[in-house]
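# Sequence first, then the predicted structure, then my questions.
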There are 2 protein chains.
Amino acid sequence: MDKRPIGIFDSGIGGLTVAKEIFKHLPYEDVVYFGDTARVPYGSKSPETVRKFSANNVNFLITQKVKVVIIACNTASATSIAFLRKNYPNTPIIGVIKPAVELAMICSAKKKIGVIATESTILSLAYQKEIKNLVPSVSVYGQPCPLFVPLVEEGWLDKEETYMIAQKYLKPLKSKDIDTLILGCTHYPLLKTIIKKVMGKNVAIIDSAGVIAQECEKVLKEKALSNSKTRVGWHKFFVSDNPERFKKVGEKFLNTKIEKVEKIEIEKF
Amino acid sequence: MDKRPIGIFDSGIGGLTVAKEIFKHLPYEDVVYFGDTARVPYGSKSPETVRKFSANNVNFLITQKVKVVIIACNTASATSIAFLRKNYPNTPIIGVIKPAVELAMICSAKKKIGVIATESTILSLAYQKEIKNLVPSVSVYGQPCPLFVPLVEEGWLDKEETYMIAQKYLKPLKSKDIDTLILGCTHYPLLKTIIKKVMGKNVAIIDSAGVIAQECEKVLKEKALSNSKTRVGWHKFFVSDNPERFKKVGEKFLNTKIEKVEKIEIEKF
């Protein structure tokens, strides 16, 4: 039994889709969430810079005495997980990519899988490599969708323009006859309805938030790090900018009240 | 005569629309440009954070021994110019807002002016206040257009979706019967064709890049800071991330070759 909290970081607010699943699946765990809202987005930045930012974020979470770190950001997982595991050998680090890929492999009968994500994630080939490592014969098609994050941030979840843009981005994947599509960015689950409409009912949509919570539960059990089930856990939120905005938008993401959001100077960590 | 370079900073690449005009109007001046590509965009961040970033940027330019600083970013001008002028009293600091407002006042017969910009710039009321300071009776209508920057970054300058989004954003301004529209973001000149098409030929479009170059020339003359006209000036480019991408996209913005882009650690300044 280990009473220390779980640490989660994301480039901003999107990782709350992951936090929500953690809260649901592991209600007795305490959780510290950090969103790097001063330097968001990560998806258009270089791997080197994202690694530096990710190291700041883990350093901060370690000052909060976390027992495990969840990278709730696909870009950071794609570019930084190996670097972080090497530099923080005493803290288990869980990324979003592997659990999503494992679920996609189960869902895909045709073994034709699409991945949509930010430009950095697609260019890193992280999903493509992870899939090929598991089953080399699978066909994987990556497609960057740079406008999806700003559309979600703007709250245009069901506008006609969003649908037209989704049609444009997803057209190459439709022509490849995929049967499974991985949402490789934590913002994208909010566009799930539109993505489903464009892709049609024969394509399974993989949203990594749920599987990462299961992966976290597994890691805690394996390493005997679970908390005792004596009380419901607390949730603390930290950001590097705009705590008020995070609180307001975050409450919509989580569908529950956020007590307090604290601002920190992340570059000092 | 003063042989020191002119310093320009922007949150990223958009400020090159300003740099291009400076190169054209002041060909004998040396110029140091800094784009904060690791922390771009500024438009959705808090005034406090933008002020901190702007101070880093000016500190860096001062190490480059600049004689004047041009803030080629509307968000940074809107939120930080007073702060920067107070903290750097020995360096003249030129923002994009005042020169654009002065030109708009000349163009507007009806004295009904629209301003489109990022969310931060509009919320700061910087344009609105500057206009009201000059002529209190003018009507000013501000409209944030958060998707315009990502659309420009994606290169969707003449797509149907961009036109539809522009129609949606500009509709409230059209209904106000404005005769002059200020493009309050350095990315927006790249959407000028679409914006003109939506607004119609009776609305003057004010692009601040040209006027800021004139303002800079005026300041250099007034303060006897101009360079001697013995040779064509050099241009140096620095960024906080992705120098290769800046070089590639920057050459399109400037329509000329960029020799070298150097990466620096901006948070250390």
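Perfect, I can see it now.
# those helices in the stretch 151-269 of chain A, which residues are they?
For the stretch 151-269 of chain A, the helices defined by DSSP state H, counting those that start in this stretch cover A:160-174, A:192-199, A:208-222, A:243-254.
# Just give me how far the biggest helix by length in chain A sits from the chain centre.
For chain A, the longest helix by residue count, based on DSSP state H, is helix A:47-63. Centre-to-centre, helix A:47-63 and its host chain are 15 Å apart (C-alpha atoms, centre = their mean, to the nearest Å).
# what's the closest of the helices of the stretch 151-269 of chain A to chain B?
helix A:160-174 (5.3 Å; C-beta to the nearest C-beta). In this view, the C-beta of every residue, glycine as well, is placed from N, C-alpha and C.
# in that closest one, what counts as buried?
Neighbour counts using 16 or more other C-beta atoms under 10 Å in any protein chain shown place A:E161, A:T162, A:Y163, A:M164, A:I165, A:A166, A:K168, A:Y169, A:L170, A:L173 of helix A:160-174 among the buried residues.
# check contacts around the residue lying closest to A:L134 once chain neighbours are set aside.
Once flanking residues are discounted, A:L134 sits nearest to A:M105: 5.9 Å by C-beta to C-beta, 6 or more residues apart in numbering or on different chains. Residues counted as contacts of A:M105 (C-beta atoms under 8 Å, 6 or more residues apart in numbering or on different chains) are A:I113, A:I131, A:L134, A:V135, A:V138.
# and chain B, which of the buried residues of helix A:160-174 contact it?
Among the buried residues of helix A:160-174, the residues lying close to chain B (C-beta under 8 Å from any C-beta of the partner chain) are A:E161, A:M164, A:I165, A:K168.
# okay, the first one: pLDDT?
Think A:E161. pLDDT recorded at A:E161 is 97.
# Likewise for the last one?
At A:K168, the model reports a pLDDT of 97.
# Chain neighbours aside, what residue packs nearest to it?
Once flanking residues are discounted, A:K168 sits nearest to B:E161: 7.3 Å by C-beta to C-beta, 6+ apart.
# do the second one as well
Taking C-beta to C-beta, 6+ apart as the measure, A:M164 lies nearest to B:E161, with 5.3 Å between them; neighbours along the chain are not counted.
# quick one: contacts for that neighbour?
A:E161, A:M164, A:I165, A:K168.
# Which one of those is nearest to A:L190?
Nearest to A:L190 among the contacts of B:E161: A:I165, at 14.2 Å, using C-beta to C-beta.
# Correct me if wrong: the closest one contacts A:P150.
No: applying C-beta atoms under 8 Å as the test, A:I165 and A:P150 come out as separate, 10.3 Å apart.
# Could you see whether chain B lies near the helix or strand in which A:V149 is found?
Assigned by DSSP states H and E, A:V149 falls within helix A:148-153. Yes: Helix A:148-153 comes into contact with chain B (C-beta under 8 Å from any C-beta), by way of A:V149, A:P150, A:L151, A:E153.
# what's the closest of the residues you listed to chain B?
Among the residues of helix A:148-153 next to chain B, A:P150 lies closest to chain B (C-beta to the nearest C-beta), at 4.1 Å.
# nearest spatial neighbour of the closest one, skipping sequence neighbours?
Sequence neighbours aside, B:P150 is the residue nearest to A:P150 in space, at 4.1 Å (criterion: C-beta to C-beta, 6+ apart).
# what residues are up against A:K223?
A:P92.
# Distance check, it against chain B.
Distance, A:K223 to chain B, using C-beta to the nearest C-beta, to the nearest Å: 35 Å.
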